[in-house]
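1. A structural model of the following input is requested.
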Amino acid sequence: MSTPLADVLEPLDLRDAFRGAAASTWVVTGSSTAGHVGFTAISIVSVSVDPPLVSFNISKTSSSLAPISRSRRAALHLLSDEQRSVASRFASDRDRRFIDDGTWSLDGGGLPQVHGVAARLVTHLVDLVDVGDSFIAVARVDTADITDRRPLVHHAGGYYPLTTLTTTPNGA
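-> Sure, this is the predicted structure:
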């Protein structure tokens, strides 16, 4: 009988490895009869063009998990480079995320809509995949609103504007 590889290896903490990676910064929002939910995410990924599918991770301990899994709806907001405070706000105290300060409003379908974003995707959850301490949510994109605003980037635990990249011809 063989020993599973997971039993042989010491547990790894992948946070240090991924601090060096740059990622787009999103706020995921949802609604339920109990109120509005939302969180900052850097795990939004395009999965399929046809049909239009995306995925995002949601922690098993997230207060947003039950409302989003019940309603099967979520809005994904790609934050613009001027929204560092919004990213921090939705990554911290959940009781302060939806204060009435003009940063957000409800859309026609009852989902919280963050204003001033680079893009907004309204989605319908098609699957939740149980993986470790999180779920991977797979969602069909029903509508997409895209602006010309530059995105906010997450790197090394902080939020930064995307700077203009310069390249030389042929990568030389």
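2. ok, residue 89 touching residue 97?
-> Yes: with contact defined as CB atoms under 8 Å, residue 89 reaches residue 97; the gap is 6.0 Å. Bear in mind the C-beta positions are built from the backbone N, C-alpha and C, glycine included.
3. so for those two, which sits in the more crowded spot?
-> residue 97 (23 against 19; other CB atoms under 10 Å).
4. could you say which helix or strand holds residue 63?
-> Under DSSP states H and E, no helix or strand contains residue 63.
5. now do the one 3 residues further on
-> Here residue 66 is covered by helix 65-71, with elements defined by DSSP H and E.
6. what helices or strands is that helix leaning on?
-> When contacts are defined as 3 or more CB pairs under 8 Å, 6 or more residues apart in numbering; DSSP states H and E, helix 65-71 packs onto strand 26-32, strand 53-59, strand 119-131, strand 134-146.
7. let's go with 6 Å and repeat that
-> Helices and strands touching helix 65-71, by 3 or more CB pairs under 6 Å, 6 or more residues apart in numbering; DSSP states H and E, are strand 26-32.
8. hmm, back to that, who touches the helix holding residue 66?
-> Contact with helix 65-71 is made by 30, 32, 37, 58, 74, as judged by CB atoms under 6 Å, 6 or more residues apart in numbering.
9. pLDDT averaged over it - what is it?
-> In this model, helix 65-71 has an average pLDDT of 94.
10. the helix or strand following that helix pairs with which strands, and in what direction?
-> Next in sequence after helix 65-71, counting helices and strands by DSSP H and E, comes strand 73-78. Partners of strand 73-78 in the sheet, by DSSP bridges, are strand 26-32 (antiparallel), strand 119-131 (antiparallel).
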